[in-house]
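Novice: any chance you could fold what I've pasted below:
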Amino acid sequence: MIEAGNTQYAQSNGLKIAYESFGNPEDPAIVLVAGLYNQLVRWPLELCQHLVDRGFRVIRFDNRDIGLSDKFDGVRAPGYFRLLLKSYFGVPVAAPYNLDDMAADTVGLLDALKIPAAHLVGMSMGGMISQIVAGRYPSRVLSLTSIMSTSGERGKGEASLKVSLKMVQPASKGKTPLDIAVEIWQMLGSPAYPMSDDEVRAQVIAEHKRSSNPAGYLRQISAIRTSPSRVELLQSIRVPTLIIHGNQDVLVPISGGIDTAKHIGHAELVRFEGMGHTLPQALLEKFADLIHKNSNIGA
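Specialist: The predicted structure follows:
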């Protein structure tokens, strides 16, 4: 059985990137690209084990500004309300970096590990990054799986204002940052696969002990909000593509997955009833089967 904690480091795109690798180095590589403010540990070990069992070398890593990878300390992100003005009214906004930069980080990690091409699996923001890699660096991608993500098209896969404001709720006299983190997790959770507040709290605490960088959260939000629509890029993707989405996702509603599949004509869209913006433990083996099938390994 695989175990966490074998953190290694690679130089990628001028940054130190933390990663973990599981399985036989000679097997086809599959790279798991995490979402907004998600450390590599947000990819469950059980899913990694399922993928190793299906013949993959599995790599999960911390994006820039999160976990044990390099941070952009001291670099300010634009305020959230200015980002909303950018989204709705086109007000110019300068961000420290964008999703294209993060896509280049992913390719740089492949370079550092001497991997010519890999299968990419991205969730949420990681799905956006993976889409860009598949579109801009087609020779480096063998297959694409985009989970609970969107196309960047205006009006598709966009959270309600209520959900968006909750995502940036500050701590107050009555609520600690931990309390708010638990509330956000539960708001985004999967109704058919609930977790108790104690389970969520334990996971949030464990992640916080590994690393905490709240300023990076806002910088990653600005990367998402200031990046353009990927529709034209999606239409250029030719590799086998799988879209996984939950029907009850409130952060990136199902319209985002539908629109992504619409612009990648050959993509398979698989929707899960009762799934929100999480990776329910009960569905991990099913996800692994779908990803394996999409990869054509052993076909």
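Novice: from here on, contacts and neighbour counts on C-alpha atoms
Specialist: OK.
Novice: thinking residue 257 is in contact with residue 248, fair?
Specialist: No. Using Cα atoms under 8 Å, residue 257 makes no contact with residue 248, being 12.0 Å away.
Novice: looking at these two, which one has more neighbours?
Specialist: Remark: of residue 257 and residue 248, residue 257 carries more neighbours, 26 against 21, as counted by other Cα atoms under 10 Å.
Novice: list the contacts of the more buried one.
Specialist: Counting by Cα atoms under 8 Å, 6 or more residues apart in numbering, residue 257 touches 147, 148, 149, 150, 151, 157, 243, 244, 245, 269.
Novice: the residues you listed: which two are farthest apart?
Specialist: For the contacts of residue 257, the maximum inter-member distance is 14.5 Å, found between 157 and 269 (Cα to Cα).
Novice: residue 58: neighbouring residues, count only.
Specialist: There are 25 residues near residue 58, going by other Cα under 10 Å.
Novice: against residue 129, how distant is it?
Specialist: Distance, residue 58 to residue 129, by Cα to Cα, to the nearest Å: 18 Å.
Novice: again with residue 153
Specialist: Counting by Cα to Cα, the gap from residue 153 to residue 129 is 15 Å.
Novice: please apply the same query to residue 42.
Specialist: From residue 42 to residue 129 the distance is 16 Å (Cα to Cα).
Novice: which of the two has more neighbours?
Specialist: A count of neighbours by other Cα under 10 Å puts residue 129 above the other of residue 42 and residue 129, at 30 against 16.
Novice: residues contacting the closest residue to residue 260 other than its chain neighbours?
Specialist: Computed as Cα to Cα, 6 or more residues apart in numbering, the closest residue to residue 260 that is not its neighbour in sequence is residue 151, at 4.9 Å. The neighbourhood of residue 151, defined by Cα under 8 Å, 6+ apart, consists of 128, 157, 229, 230, 231, 234, 256, 257, 259, 260.
Novice: break down the chain into its strands, ranges please.
Specialist: 8-12, 15-22, 29-33, 57-61, 118-123, 141-147, 241-246, 268-272 (DSSP state E).
Novice: each with direction, which strands does the longest one pair with?
Specialist: In this case it means strand 15-22. Using DSSP bridges, strand 15-22 pairs in its sheet with strand 8-12 (antiparallel), strand 57-61 (antiparallel).
Novice: what stretches of the stretch 1-150 of the chain score poorly on pLDDT?
Specialist: Scanning the stretch 1-150 of the chain for pLDDT under 70 picks out 84-90.
Novice: all helices of it, in order?
Specialist: Taking DSSP state H, counting those that start in this stretch, the helices of the stretch 1-150 of the chain run over residues 45-53, 80-89, 99-112, 125-136.
Novice: using JSON lines, lay out the ones you listed together with distance to residue 10.
Specialist: Shown next, in JSON lines, are those (distance: least, Cα to Cα, whole Å):
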{"stretch": "helix 45-53", "distance to residue 10": "20"}
{"stretch": "helix 80-89", "distance to residue 10": "32"}
{"stretch": "helix 99-112", "distance to residue 10": "6"}
{"stretch": "helix 125-136", "distance to residue 10": "19"}
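Novice: tell me which of those sits most buried.
Specialist: Comparing the helices of the stretch 1-150 of the chain by mean neighbour count (mean count of other Cα atoms under 10 Å), helix 125-136 ranks first with a mean of 26.
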